[in-house]
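Novice: I would like the atomic coordinates for the input below:
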Amino acid sequence: MRVLLFTAIGLLTSSLHAEVFRWVDEDGRTHFSDRLPENPSLQVERADLDTGTAAALLGPVAASAEEDLLPGSGPYDAFDILAPSPGAVLVQATDTLAINVLLEPPLLDEHTLELVLDDRTIAVEAGVSALELEGVGFGPHQLQLRITDANGQTIASTPTHDLDLQETTPPGILR
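Specialist: The predicted model follows:
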């Protein structure tokens, strides 16, 4: 995001008479430059830059950065699992899993929110932003949220979160 922001600001100051090229590399990163890339197999296009205002330049950069952060969010501005974080190791006394959800705007009437835990689908009540699952079991788990339409088609999904739920060791017991 910072690289894109600084690139956009740099282009703003030097783009009055410059020719600017845009391309996406093998890793999916968008690049802007006044020189053609060295790799001839990349699809390069001439970037049409609005030199009128900085806001005109920064708007598309911010929008593309949001798309990179939240792929698969469908008609929603924000859709993600806030907690637990990916790769989390949760050490606790019970096998209860607390999940916090980010969804903006709220769930549309014709859509359903589903939680997928280890390939088991669980319907989630509309409007819920925090839920607690009891009895999930200790050990590794995979967690994902999906939004489906009335036909059962997936509209949006979060990335899969891998996590490990571990039981605390009582005092005086060696494992």
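
Novice: Give me the pLDDT for Arg35.
Specialist: For Arg35, the model assigns a pLDDT of 73.

Novice: Secondary structure element for it, which one?
Specialist: Using DSSP states H and E, Arg35 sits within no helix or strand.

Novice: do Pro159 as well
Specialist: For Pro159, there is no enclosing helix or strand under DSSP H and E.

Novice: Just give me the neighbour total for it.
Specialist: 14 (other CB atoms under 10 Å). Where you see a C-beta, it was placed from the backbone N, CA and C, and this is true even at glycine.

Novice: The nearest residue to Ala150 once chain neighbours are set aside - how many residues pack around it?
Specialist: Nearest non-adjacent residue to Ala150, counting by CB to CB, 6 or more residues apart in numbering: Glu110, 5.3 Å away. The number of residues packed near Glu110 is 10, by other CB under 10 Å.

Novice: Next one, pLDDT for Ala83 please.
Specialist: Per-residue pLDDT puts Ala83 at 92.

Novice: Please determine how far it is located from Thr112.
Specialist: Per CB to CB, to the nearest Å, Ala83 is found 22 Å from Thr112.

Novice: out of those two, which sits in the busier spot?
Specialist: Thr112 (17 against 14).

Novice: Phi, psi for the more buried one please.
Specialist: phi -130, psi 140 (degrees, to the nearest 10).

Novice: do the one 4 residues further on as well
Specialist: Its backbone dihedrals place Val116 at phi -110, psi 110, with angles given as degrees, to the nearest 10.

Novice: and the residue nearest to it when sequence neighbours are not counted, what does it touch?
Specialist: Spatial nearest neighbour of Val116, excluding adjacent residues (CB to CB, 6+ apart): Gln144 at 4.5 Å. When contacts are counted by CB atoms under 8 Å, 6 or more residues apart in numbering, Gln144 touches Ile81, Leu115, Val116, Ser157, Thr158, Pro159, Thr160, His161.

Novice: right, and the last one touches Leu82 too?
Specialist: No: using CB atoms under 8 Å, His161 makes no contact with Leu82, being 10.5 Å away.

Novice: between these two, who's got more neighbours?
Specialist: His161 (19 against 11).

Novice: quick one, phi psi at the more buried one?
Specialist: The phi/psi pair for His161 (degrees, to the nearest 10) is phi -100, psi 120.

Novice: all strands of this protein, in order?
Specialist: Under the criterion DSSP state E, the chain contains strands at 21-24, 30-33, 44-46, 78-83, 89-92, 97-104, 112-117, 120-124, 130-133, 139-148, 154-157, 161-167.

Novice: would you turn those strands into a markdown table with distance to Ile173?
Specialist: Converted to a markdown table, these look like this (distance: least, CB to CB, whole Å):
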| stretch | distance to Ile173 |
| --- | --- |
| strand 21-24 | 54 |
| strand 30-33 | 54 |
| strand 44-46 | 63 |
| strand 78-83 | 29 |
| strand 89-92 | 14 |
| strand 97-104 | 24 |
| strand 112-117 | 29 |
| strand 120-124 | 31 |
| strand 130-133 | 26 |
| strand 139-148 | 19 |
| strand 154-157 | 41 |
| strand 161-167 | 11 |
